[in-house]
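Participant: Predicted model and sequence follow; I will ask about them next.
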Amino acid sequence: MCMFLLIACLITQLLAVAQISTLFTAISLLVFSIFSHCQALTLEALCESTPHPPVCKSVLPVGSPGSVSGFASIVILKSLEASKHLLASLDQHHPTSGPLDDCQSLAGLTVDHLTRVNVIEETALGTSEVNDLLTLLSAAITNYETCLGSFHDATGESSENFVKDHHDILTRVSDGIKLISVSLALSKEAWPIASDASVTKPPPRILTEDEKKSSSPEVSYVKVTKRERMIYERVKVLGRKLLQSSPGGNGGLKVAKSVVVNPNGINGDAYKTINDAIAAAPTKAESENGYFVIYVVAEVYEEYVTVPSNKSYVMIVGDGIDKTIITGNRNVVDGSTTFASATLAVIGRGFMAANITVRNTAGPTKHQAVAVRNSADIECDIYGTVDFIFGNAATVLQNCNIIPRLPLQGQFNTITAQGRSDPNQNTGISIQNCRITPSAELVSSNFSVKTYLGRPWKEYSRTVYLKNFMDGFIDAKGWNEWMGDFALQTLYYAEFMNTGPGSETANRVNWPGYHVINETEAVWFTVSNFIVGDYWLPSMGVPYTGGLM
């Protein structure tokens, strides 16, 4: 389109020049001048299409020559430079806890994300590459939004002074969000793909019935020891064992090593804590290296477990739900930030867990308290009260049990609070083929509180429910406001072919952003399309359904 506008601009003004003079020298000079003028107009229009035009124009002065992909690459590099400066500034504070510590960790992650974005001089990218790019930039924005959220979590009399004392940090973070937001907008323009249900492009292919039934992943076979076989036989996802028999008779998943965590073990080959076992995992492993498998025997583990960014392809296997339990109670009221309150925090790529329970026992009186900080789950049980599935990632929950509990008096339940803050982020929550039922205490209360499917935490909140069972305790309006009419015009909430007494949509909210969608729209939010799962899940050995079930 820019090329057509440029040609039209050139032809129009060249014809005017031809009427005045036939001197080729004059025409040549004017062509150069006109080209620069049209290019400037194109760049200005491009910046105006981003969420932050002044930032775009300050980084790309009007009149700068180049392609859209080149402009995107320039702003990405500027974002990386700004993030490095922010990280250096945070390092000088030597934080040990609280908001500064959160921001230091998140800034480090953002530097890693932006460093991985290698698109300089690239004018054509494949679908998976573009999705990786958009995911990394979306995650970078979320990192900084989370940093700001940690400052908002600061409590006590000194919190106001604390925020004032670190105004420079907050300014750098806010500026970083704007830079990355411009990077994301220009990247979507430079490398367009059909990555959103609102994009008018050919829809993704709807899977055939045979394809829907075929969801078993390819498994790499290696010779396994008796102990490894014992570990793998404990892993079940969607009722199918990941252990399979190869033609040669030796079965197993591709693994680098397997270890055991047993605090009561007498053998020297068992780790006492889960964190000790994670620390022993290889650094920066790749998928072809295989998994580092940690078998955690039945026990209650009172520890805060972190899978850091340099520990990739770690698998934790327990003895069963409610048998292997990781427990903690950090919460905002007692001084933790929401980000740091997680009992299990997963940052490393390729993480898998099965047959374990992770809980935060702080309770509703302690306000925000996180059990698991992660981005995707399959066949899990999720309990909570207010906004208990929240955050901003591209997330699919498939075949889970979602069980709202009884909140404090005067409160209501909201299952989701999705935090998409930028219209170009490829993030959202997709809940597919799950069972949404009340907990025993909610039933015994005679449903004295209302339960909603979600509410908009951020301006571009996006949540969809696809073919779930919803029990009758879901409020007829379905969704609730965050505050007044905030985000009701800009959110994207959708339902598709849910069943059960709570799934009736006749009395749902009539917000502009709420939709009852059809199959063509719903398929955008499946594993295959929303998180591009077909590109990476098979190599991880994870059974899943790529399309609509």
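Facilitator: Perfect, thanks for sending it. Numbers count the residues shown, from 1 in each chain.
Participant: For the helix or strand containing Val464, name the packing helices and strands.
Facilitator: Secondary structure from DSSP states H and E places Val464 in strand 462-466. Strand 462-466 is packed against strand 413-418, strand 428-432, strand 451-454, strand 492-496, with contacts defined by 3 or more C-beta pairs under 8 Å, 6 or more residues apart in numbering; DSSP states H and E. All C-beta atoms are positioned from the backbone trio N, CA, C, and that covers glycine.
Participant: Of all these, which one comes closest to Leu397?
Facilitator: Ranking the helices and strands packed on strand 462-466 by proximity to Leu397 (C-beta to C-beta) places strand 428-432 first, at 4.8 Å.
Participant: What strands flank the following helix or strand past that closest one, and is each parallel or antiparallel?
Facilitator: Once the chain leaves strand 428-432, the next helix or strand it forms, by DSSP H and E, is strand 435-436. Taking DSSP bridges as the criterion, strand 435-436 forms sheet pairs with strand 401-404 (parallel), strand 469-470 (parallel).
Participant: So for Thr127, which of the ones you listed sits nearest?
Facilitator: strand 401-404 (30.7 Å).
Participant: got the buried residues for the closest one?
Facilitator: Ile402, Ile403, Pro404 (16 or more other C-beta atoms under 10 Å).
Participant: could you dump those residues to JSON lines with distance to Leu43?
Facilitator: Below are the buried residues of strand 401-404 laid out as JSON lines (distance: C-beta to C-beta, whole Å):
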{"residue": "Ile402", "distance to Leu43": "47"}
{"residue": "Ile403", "distance to Leu43": "52"}
{"residue": "Pro404", "distance to Leu43": "50"}
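Participant: about what we covered before: looking at the helices and strands packed on strand 462-466, which is closest to Val532?
Facilitator: strand 428-432 (12.7 Å).
Participant: surely Gly391 meets Thr416?
Facilitator: No - because the distance of 9.5 Å does not satisfy C-beta atoms under 8 Å, Gly391 is recorded as not touching Thr416.
Participant: For those two, indicate the residue with more neighbours.
Facilitator: For the pair Gly391 and Thr416, the greater number of neighbours falls to Thr416 (28 against 23), based on other C-beta atoms under 10 Å.
Participant: Tyr465 is in contact with that one, correct?
Facilitator: No - counting by C-beta under 8 Å, Thr416 stays clear of Tyr465, with 9.1 Å between them.
Participant: what's the spacing between Ala393 and Thr142?
Facilitator: Look at Ala393 and Thr142: by C-beta to C-beta, to the nearest Å, they are 7 Å apart.
Participant: Can you work out which residues contact both of these two?
Facilitator: Both Ala393 and Thr142 are contacted by Thr427, under the criterion C-beta atoms under 8 Å, 6 or more residues apart in numbering.
Participant: between Thr416 and Tyr465, what contacts are shared?
Facilitator: Counting by C-beta under 8 Å, 6+ apart, the residues touching both Thr416 and Tyr465 are Ile431, Leu453.
Participant: ok, the closest residue in space to Pro263 that isn't next to it in sequence - contacts?
Facilitator: Counting by C-beta to C-beta, 6 or more residues apart in numbering, Lys272 is the residue found nearest to Pro263 once chain neighbours are left out, at 5.1 Å. Contact analysis of Lys272 by C-beta under 8 Å, 6+ apart lists Val261, Asn262, Pro263, Gly265.
Participant: what is the mean pLDDT for stretch 80-92?
Facilitator: Mean pLDDT, stretch 80-92: 92.
Participant: Same question for it: list its buried residues.
Facilitator: Neighbour-count burial for stretch 80-92 flags Leu80, Ala82, Ser83, Leu86, Leu87, Ser89, Leu90 (criterion: 16+ other C-beta under 10 Å).
Participant: For the stretch 201-350 of the chain, just list every one of the helices.
Facilitator: Per DSSP state H, counting those that start in this stretch, the stretch 201-350 of the chain carries helices over the ranges 209-213, 226-232, 274-279.
Participant: Quickly, which of those helices bottoms out on average pLDDT?
Facilitator: helix 209-213 has the lowest average pLDDT among these, namely a mean of 43.
Participant: Need the strands paired with strand 435-436 in a markdown table (columns: mean pLDDT and distance to Ser187).
Facilitator: As requested, the strands paired with strand 435-436 are exported to a markdown table (pLDDT from 0 to 100; distance: least, C-beta to C-beta, whole Å):
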| stretch | mean pLDDT | distance to Ser187 |
| --- | --- | --- |
| strand 401-404 | 92 | 34 |
| strand 469-470 | 97 | 37 |
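Participant: which stretch among those strands comes nearest Trp536?
Facilitator: Closest among those, once you apply C-beta to C-beta, is strand 401-404, at 25.1 Å.
Participant: what's in contact with that closest one?
Facilitator: Residues from elsewhere that reach strand 401-404 (C-beta under 8 Å, 6+ apart): 380-385, 388-389, 413, 415, 431, 434-439, 442, 451, 473.
Participant: Would you mind checking those for buried ones?
Facilitator: 380, 382, 384-385, 388-389, 413, 415, 431, 434, 436-439, 442, 451, 473.
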